[in-house]
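Undergrad: next input, structure requested:
(one chain, ligands or ions: 1)
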Amino acid sequence: MASASATLLKSSPVLDKSEWVKGQSIRHASATTVRCHPAAASVLTVKASYADELVKTAKTIASPGRGILAMDESNATCGKRLASIGLENTEANRQAYRTLLVTVPGLGEYISGAILFEETLYQSTVDGRKMVDVLVEQNIVPGIKVDKGLVPLAGSNNESWCQGLDGLASRSAAYYQQGARFAKWRTVVSIPNGPSALAVKEAAWGLARYAAISQDNGLVPIVEPEILLDGEHGIDRTFEVAQKVWAEVFYYLAENNVMFEGILLKPSMVTPGAECKDKATPQQVAEYTLKLLHRRIPPAVPGIMFLSGGQSEVEATLNLNAMNQSPNPWHVSFSYARALQNTCLKTWGGRPENVKPAQETLLVRAKANSLAQLGKYTGEGESEEAKKGMFVKGYVY
Ligand code: 13P
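TA: Predicted structure coming up:
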């Protein structure tokens, strides 16, 4: 299989160009052995070969004024997006749309990483260049969604669990070879359905196993336990559930010997449920969310890249901006799909003549979120479209 067709990352604050050269092959991890206790028979093995690279990749993605473009919609979800603009869910249409996204001129100034669906990782643009090459030329690190989606969790209160651990090590090695340097696993927790202790434990354990396997294969894991917006509950209830979820996630990450310096988090912001009558201001969302992060997230974690979860484009940017009004121990940024792509998709509408204006709208959103990452977004001049919420009940990705 062709190895990282990635040519070179342009000068980056952290990554060395030499580490991104064409033809890079998989490195076989050597293990350093760390004895917990001299007298104990049990040993902890921590693979050292990728450690430095993982830290560098995570820091590159968490670089000032930049965040992640999530464009890893599964074929089913991408089909829904295309249907909303009257297009059929064909490979050619998905390719045309993803080509539009990755070729936005200057995107790398604001976007440090792009999460791809497997099809896109192995796909070329409409003019025949590898998508991963185009990203690397833009100074954007390619990433890959590795989970296999949600299925019902037997024995729970109508909750779900996330599949994908079987064969994950060999898939991850192949993704690395293809040019991916980080991964994403999204599992969900539902507040109206409990969440049950079983569902939280399963979500946390699955994320931790995935994170360990990713690091073993050179991919920085994005750890994403999405607490769904669905529900009528208030912000305090979301805060309570989020504390529980993140406590378990970090407990199992530590049990699985995951190196915290080489991960990124993708939390939901702490907000009231979508159907709650009390709405929260960006300042309230920031206050609750930062309180949660301070209580649960060690400062060794380099970056916290929020999902947008159905917020409007403007709301997601305002909330991020509010969280960056004073320095944080971690890079607090974005990994949005809907809140970056919505206006862009609508502007494109599947018409070749609209590619350029659509690309401009993506750049506007990327820049707005870049400013929000730096705490300098003013919210001026936003369109009505960008203010529309995108919450969908029972949303799957
Ligand atoms: P949204 O920003 O649309 O919630 O996307 C979440 C996600 O996990 C994409 O990778």
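
Undergrad: only C-alpha atoms for contact and neighbour calcs from this point on.
TA: Fine.

Undergrad: low-confidence stretches in the protein?
TA: Low-confidence segments of the chain, defined by pLDDT under 70: 1-48, 390-397.

Undergrad: what about whichever residue of the stretch 51-200 of the chain sits closest to the ligand, how many neighbours?
TA: As assessed by CA to the nearest ligand atom, the ligand sits closest to Ala70 within the stretch 51-200 of the chain, at 4.5 Å. By other CA atoms under 10 Å, 24 other residues sit near Ala70.

Undergrad: what sits closest to the spatially most central residue of the chain if chain neighbours are left out?
TA: The residue lying closest to the centre of the chain (CA atoms, centre = their mean) is Ser335, at 4.8 Å. What sits nearest to Ser335 in space, not counting adjacent residues and going by CA to CA, 6 or more residues apart in numbering, is Ile68, at 4.3 Å.

Undergrad: same question for Leu101.
TA: Gln359 (6.9 Å).

Undergrad: isn't the one you found right up against Thr343?
TA: No: using CA atoms under 8 Å, Gln359 is not in contact with Thr343, being 9.9 Å away.

Undergrad: part of a strand, is Arg365?
TA: No: judged by DSSP: H, G, I helix; E, B strand; the rest coil, Arg365 forms no part of a strand; its state is helix.

Undergrad: test my guess that it contacts Leu340.
TA: Yes: using CA under 8 Å, Arg365 is in contact with Leu340, at 5.8 Å.

Undergrad: the more surrounded of the two?
TA: Per other CA under 10 Å, whichever of Arg365 and Leu340 has more neighbours is Leu340, with 30 against 23.

Undergrad: quick one: secondary structure of the more buried one?
TA: Applying three-state DSSP: Leu340 is helix.

Undergrad: for Trp205, grab the count of nearby residues.
TA: Counted with other CA under 10 Å, Trp205 comes out at 20.

Undergrad: then it would be within a helix, right?
TA: Yes: under three-state DSSP, Trp205 sits within a helix.

Undergrad: so which helix or strand takes in the residue nearest to it when sequence neighbours are not counted?
TA: Nearest non-adjacent residue to Trp205, counting by CA to CA, 6+ apart: Tyr252, 5.9 Å away. Assigned by DSSP states H and E, Tyr252 falls within helix 235-255.

Undergrad: which other helices and strands contact that helix?
TA: For helix 235-255, the packing partners by 3 or more CA pairs under 8 Å, 6 or more residues apart in numbering; DSSP states H and E come out as helix 197-216, helix 282-296.

Undergrad: in CSV, list those helices along with distance to the ligand.
TA: Below are those laid out as CSV (distance: least, CA to the nearest ligand atom, whole Å):
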stretch, distance to the ligand
helix 197-216, 14
helix 282-296, 16
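
Undergrad: now those as JSON lines including distance to Pro142?
TA: Putting the helices and strands packed on helix 235-255 into JSON lines (distance: least, CA to CA, whole Å) gives the following:
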{"stretch": "helix 197-216", "distance to Pro142": "14"}
{"stretch": "helix 282-296", "distance to Pro142": "26"}
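
Undergrad: can you say which of the ones you listed is packed in most?
TA: Most buried of the helices and strands packed on helix 235-255 by mean neighbour count (mean count of other CA atoms under 10 Å) is helix 197-216; its value is a mean of 23.

Undergrad: list the contacts of the next helix or strand after that one.
TA: For helix 197-216, the succeeding helix or strand toward the C-terminus, using DSSP H and E, is strand 220-227. Here strand 220-227 makes contact (CA atoms under 8 Å, 6 or more residues apart in numbering) with 54, 57-58, 181-191, 203-204, 207, 210-211, 214-215, 242, 245, 262-268.
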